[in-house]
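Asks: what follows is a predicted protein model with its sequence.
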Amino acid sequence: MRELSKTAQRWAAQRRTAEAVLARPVTERGFGPRHPGDAILIDADGTCHGSLYLGAFDRQLAEEAVSLAPGHTARVCAVAVHDDAVREAGLTRGGQAEILLQPLPAVPPRWWELLAAGADAALITWLDEPRLHAVSTVVTPGPGPDEADLPPQATARARELLARHRAGREVQATDAGLVLIETCPAVPRLVIVGGGELAELLVAQAGLLGWQAEVTATARDAAELLAERPAAACLIMLSHEPEVDVPTLRTALTSGIPYVGALGSRHTQERRAAGLVEAGLDDEHLDRIHGPIGLDIGARTPAETAMAICAEVLTALGH
């Protein structure tokens, strides 16, 4: 859903949100692998923006959005695709889902602001039993002022998923209706210290995953990048220069970022460890360094190594 934030904010600035609708699944079965945050925005003339089931139901959802009754803040409609229609839609397999249509003004503007900034955010939406009204509240990793009326278990679950860097949707049933939990963790940001072919390939691999990546050669610049969004920053140390790698690793290990990896021989790793101990770090800090860097997938080429590093980052973010 993060890719819709700029569109939603632009429509708000242009005062085009009154008749716009946000559509996303509440329940679903089948369809095969897909992005857990898929959603679409439907504007007043029925044009769909974004991606949901490769557009298989865009026309139906646009018609349903137009028929959303005045005063209702929700409408849930069923969609399904099976047999030959699956191939025609380009989907992996058939499936069925219930789609929540919610007027865009009913979605807190702060949701779009946080998504546009690449920050951690969750949206908790209470849907009444008749499925005609929905109330959405934004939840972030820290306590917020608008959470008093939210089910505690939903808030706790949202924060748990954000902490595990898990994007997706979950539904909790209550006596009064359904609670939809949607999580958009902060976009991972690789801080790559040191240049060369591997750095370039890491940037390319990060782009394929929708991550951000920055390459720098100095400890000062690396420290500034790591401090900008520490919850999403991941250090990839490629430099073998003592005046760069030791201070940067120390900054990363003491700032609590989720992943610290360092490329280098056993001798280089031992030299770094000795420098970090001299700088005041202990074994608990040193144990957080992934070195040798990357998952053991038998990587031999620089491209395979870049893939192994990103796979290890992904594994670390999910724990």
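Replies: Received, thanks.
Asks: where do the strands sit along this protein?
Replies: Remark: strands assigned in the chain by DSSP state E are 21-30, 39-42, 48-51, 75-81, 95-103, 121-128, 134-139, 168-174, 177-184, 189-193, 212-216, 233-237, 259-262, 289-290.
Asks: the shortest one packs against which elements?
Replies: Looking back up the chat, that one is strand 289-290. strand 259-262 (3 or more C-beta pairs under 8 Å, 6 or more residues apart in numbering; DSSP states H and E). Any C-beta I mention is one placed from the backbone N, CA and C, and that applies to glycine too.
Asks: other SSEs contacting the strand it packs on?
Replies: Contact partners of strand 259-262 among helices and strands, from 3+ C-beta pairs under 8 Å, 6+ apart: strand 233-237, helix 242-255, strand 289-290, helix 302-317.
Asks: give me the sheet partners of that strand and which way each runs.
Replies: Using DSSP bridges, the strands paired with strand 259-262 are strand 233-237 (parallel), strand 289-290 (parallel).
Asks: pick the most buried one from those.
Replies: Mean neighbours per residue, mean count of other C-beta atoms under 10 Å, is largest over the strands paired with strand 259-262 for strand 233-237, with a mean of 27.
Asks: what residues does it touch?
Replies: Defining contact as C-beta atoms under 8 Å, 6 or more residues apart in numbering, one finds that strand 233-237 is touched by 188-194, 202, 222, 225-226, 245, 248-249, 252, 257-264, 293, 309, 313, 316-317.
Asks: bridging residues for W126?
Replies: Counting by DSSP bridges, W126 is bridged to V135, V179.
Asks: hang on, it packs against V179?
Replies: Yes: the pair W126 / V179 is scored as a contact, 5.6 Å apart, by C-beta atoms under 8 Å.
Asks: counting neighbours, what do you get for the closest residue to L127 other than its chain neighbours?
Replies: Excluding its sequence neighbours, the residue lying closest to L127 (C-beta to C-beta, 6 or more residues apart in numbering) is L178, at 4.5 Å. Counted by other C-beta atoms under 10 Å, the residues lying close to L178 total 20.
Asks: many thanks, I have nothing further to ask.
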